[in-house]
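**Q** Mind looking at a prediction? Sequence and model below.
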Amino acid sequence: MQLLTGMYNARIDDKGRLSLPARLRTALAAEQVVVLPGLDGNHLMIMKPEYFEKDFSEPILSSPMAMLDKKKRILIRKLIAPAIYVDIDSSGRINIPPQIREQYSLPNKSEALFVGAGYTVELWNPEVFAAADEGESISDLAQELFEEKE
């Protein structure tokens, strides 16, 4: 699967539709995407249905006994249960229900930001995105990540 990269400004129209940037549309190569809460709770994640069902959900639902694990139950409720399948229309637009968009400060007629994040796309309110990682140094984060692997 081609990595989903880049940052793209978008505008939510008066009907709540967002046009997927052409580069992301091509990389997703799908007629439908899955939209679910982002891991930090302040944005949405968008991914291909195949990735959601196999690579993302399968480790959480890895066995029939998953429901006995409290952490897995919480992940199921917070990530898998609220996920919705959204069609990409013939103009390359997606329409995320207003109650979901508004939870993430993405009302009709507002600006939005698509952020390619590897195998997923994050959808942000640009102001929330700007504030989200303030004070985080790329160098410090990379150093911590690589120190963990040693």
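**A** It's in. What you see is a predicted model; the values in this text were computed from it and never measured.
**Q** what's the neighbour count on residue 83?
**A** 18 (other Cβ atoms under 10 Å). C-beta coordinates here come from the backbone N, C-alpha and C atoms, glycine included.
**Q** Can you name the residues that contact it?
**A** Residues in contact with residue 83 (Cβ atoms under 8 Å, 6 or more residues apart in numbering) are 34-36, 52.
**Q** Equivalent analysis for residue 119, please.
**A** 1, 3-4, 47, 51, 55.
**Q** quick check, residue 25 in a helix?
**A** Yes. Residue 25 forms part of a helix when assessed by DSSP: H, G, I helix; E, B strand; the rest coil.
**Q** Need the nearest residue in space to it, chain neighbours excluded.
**A** residue 92 (5.0 Å; Cβ to Cβ, 6 or more residues apart in numbering).
**Q** isn't that neighbour right up against residue 23?
**A** No. Applying Cβ atoms under 8 Å, one finds residue 92 not in contact with residue 23, separated by 11.1 Å.
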